[in-house]
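> sequence and predicted structure are below.
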There are 2 protein chains.
Amino acid sequence: MTRERALQTAMGLADAGGIGSLSMRKLAAELGIEAMSLYHHVRSKEDILDGMVDIVFSEMELPLPGEEWKTAMRRRAESTRAVLAKHPWAIGILDSRTSPGTATLRYLDTVIAFLRAAGFSIAMAAHALSVLDSYVRGFAMQEASLPLDQSGSIEAATESILEQQHMMSNAFPHLGEMAAELILKPGYAYGNEFEFGIGLILDGLDGALAGEGAEAARNAPTGAGSAASPTVG
Amino acid sequence: MTRERALQTAMGLADAGGIGSLSMRKLAAELGIEAMSLYHHVRSKEDILDGMVDIVFSEMELPLPGEEWKTAMRRRAESTRAVLAKHPWAIGILDSRTSPGTATLRYLDTVIAFLRAAGFSIAMAAHALSVLDSYVRGFAMQEASLPLDQSGSIEAATESILEQQHMMSNAFPHLGEMAAELILKPGYAYGNEFEFGIGLILDGLDGALAGEGAEAARNAPTGAGSAASPTVG
DNA sequence: ACCTGAACACCGTTCAAGT
DNA sequence: ACCTGAACACCGTTCAAGT
């Protein structure tokens, strides 16, 4: 029995049945011990959740040094989305840990280092982190709560949805139209909306970065507009 | 005793002490009845959560007919953020309700109607809803989990944070630099990042809309590029 | 050092019994 | 129709007692 094995088993339980099916008693049973024995390896259930969240961060792909920044941030976003789809219970508690683990801190540090090396000022790196991660986590949250079939399209096979669809078209015509003309059509998968948003945000960051670079160049025309020193006051 | 009063009291409990402090027994006590009596007015705790989420949607400001769309969407985003800051327990369960209430459906229908009237195709309205709401909810989630003082800046007064800050600067230098040079500086408030992201997304949508309008004009040069008919196949 | 039975203070919900 | 006591099957956690 190690803390590591307890965390891995806890991840398995949460992945399989949601965070609600993770209890100290069930986890202990899975490990072949009594619930009270767990407290020799972890401090509390909160401690277990801290450890689980840190494992989730450790599974996310990091940007590679030298990679073009938009490519790197797009890959990071897609990796985050994939990891959160595998561990949907983690979405709501990713940020709420009061004591972030080392994998979490290393993850953040590496992303910030990458952005700085790519020419982002400290303030612009904070902007980029905020808008990208807010979007990716919000999207993961919405995606996690959809009734999806295995192709990723909305599960419309049940009678109840079709009934609702009919009622909706009368009481809520625009929602009904969007459902009928787009969302419930065979080709539509909500997951594809991700690409639109991430592209839009990366292009926007590109523009903001160019504007900042131009401004820096005006203020200090000899500098290369690169990353070494902070440009924020 | 009515369902309405039960929901309002439940909201008060959740607002005050988080969703964890909302139990059927405590709610009943607050209402002056026994826990079991609640089941005469609501079907289950899930039913209560459904009702609470619908009330949260009813508190969000809707776009006004005729309003300029970027203004309207910015106001909607800020209102959503404010409502979710008042009811942080709602952020993680907003989308996960399997049976949305009438306020929720009316809210969505009104927003879609507004976007269609502003010239968005069905597909572009879906894009806009997805990227805006993912961002706003993701941001609300991150904001809800920060240790903020009343001015909205990070609470840096505790020794433990300063200690961590010192350790961090060695092990995680870029994170440490961002903390020291930006986040822990007196003027900084994480909430101000919201404006950067929402502006970036609205500008991006503006460009996408113009592109779509130009394409529609090429395909049917006599049309005004307006909202009446769907342009999605 | 590691494990555990009993216990405490909680949960959501059912059911039969009251008015 | 509305309320409720007792009960069931759960929680996280403490504590004294075992090896």
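Yep, that arrived. This is a predicted model, so every value here is computed, not measured.

> please enumerate the helices of chain A.
Taking DSSP state H, the helices of chain A run over residues A:3-17, A:24-31, A:45-58, A:69-86, A:102-117, A:122-144, A:159-171, A:173-178, A:193-219.

> so which of those helices gets nearest chain B?
Counting by CB to the nearest CB, chain B lies closest to helix A:122-144 out of the helices of chain A; the figure is 2.9 Å. All C-beta spots, glycine's among them, are computed from the backbone N, C-alpha and C.

> show me what the closest one packs onto, helices and strands only.
helix A:69-86, helix A:102-117, helix A:193-219, helix B:122-144, helix B:173-178, helix B:193-219 (3 or more CB pairs under 8 Å, 6 or more residues apart in numbering or on different chains; DSSP states H and E).

> could you dump those helices to TSV with mean pLDDT and mean neighbour count?
Listed next are the helices and strands packed on helix A:122-144 as TSV, based on pLDDT from 0 to 100; neighbours: other CB atoms under 10 Å in any protein chain shown:
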stretch	mean pLDDT	mean neighbour count
helix A:69-86	98	18
helix A:102-117	97	20
helix A:193-219	91	17
helix B:122-144	97	23
helix B:173-178	94	20
helix B:193-219	91	17
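
> distance to B:Gln150 for those helices - can I get that in a markdown table?
Below are the helices and strands packed on helix A:122-144 laid out as a markdown table (distance: least, CB to CB, whole Å):
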| stretch | distance to B:Gln150 |
| --- | --- |
| helix A:69-86 | 32 |
| helix A:102-117 | 26 |
| helix A:193-219 | 30 |
| helix B:122-144 | 14 |
| helix B:173-178 | 23 |
| helix B:193-219 | 18 |
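
> reformat the helices of chain A as CSV; add distance to B:Met36.
CSV is the format used below for the helices of chain A (distance: least, CB to CB, whole Å):
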stretch, distance to B:Met36
helix A:3-17, 28
helix A:24-31, 26
helix A:45-58, 28
helix A:69-86, 39
helix A:102-117, 43
helix A:122-144, 33
helix A:159-171, 30
helix A:173-178, 38
helix A:193-219, 44
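
> these: which one's closest to B:Ala14?
Nearest of those to B:Ala14, taken as CB to CB: helix A:122-144 at 18.4 Å.

> report the angle between the closest one and helix A:193-219.
Here the directions of helix A:122-144 and helix A:193-219 differ by 170 degrees (axes from the mean of the first three to the mean of the last three CA atoms, to 10 degrees).

> wait, which of the helices and strands packed on helix A:122-144 is closest to A:Val53?
helix A:102-117 (7.1 Å).

> report the contact partners of the spatially most central residue of chain A.
A centroid search over chain A (CA atoms, centre = their mean) returns A:Arg137, at 3.9 Å, as the residue closest to the centre. By CB atoms under 8 Å, 6 or more residues apart in numbering or on different chains, the residues touching A:Arg137 are A:Thr80, A:Leu84, A:Ile91, A:Leu94, A:Asp95, B:Gly138, B:Met141, B:Gln142.

> how about the residues of chain A by DNA strand D?
Along chain A, the residues adjacent to DNA strand D under the rule CB under 7 Å from any atom of the strand are A:Leu22, A:Ser23, A:Met24, A:Arg25, A:Lys26, A:Ala35, A:Met36, A:Tyr39, A:Ser44, A:Lys45, A:Glu46.

> if we can go back for a sec, I'd like to know which of the helices of chain A lies nearest to DNA strand C.
helix A:24-31 (7.3 Å; CB to the nearest atom of the strand).

> list the buried ones in that closest one?
Buried residues in helix A:24-31, defined by neighbour count with 16 or more other CB atoms under 10 Å in any protein chain shown: A:Met24, A:Leu27, A:Ala28, A:Leu31.

> that one - contacts with which helices or strands?
Packed on helix A:24-31, when contacts are counted by 3+ CB pairs under 8 Å, 6+ apart, are helix A:3-17.

> any bit of stretch A:58-71 sitting next to chain B?
No. Using CB under 8 Å from any CB of the partner chain, stretch A:58-71 stays clear of chain B, with a minimum separation of 12.2 Å.

> so what's A:Pro173 closest to, chain neighbours aside?
Nearest-residue entry for A:Pro173: B:Asp109, 7.2 Å, with adjacent residues in sequence omitted and distances by CB to CB, 6 or more residues apart in numbering or on different chains.
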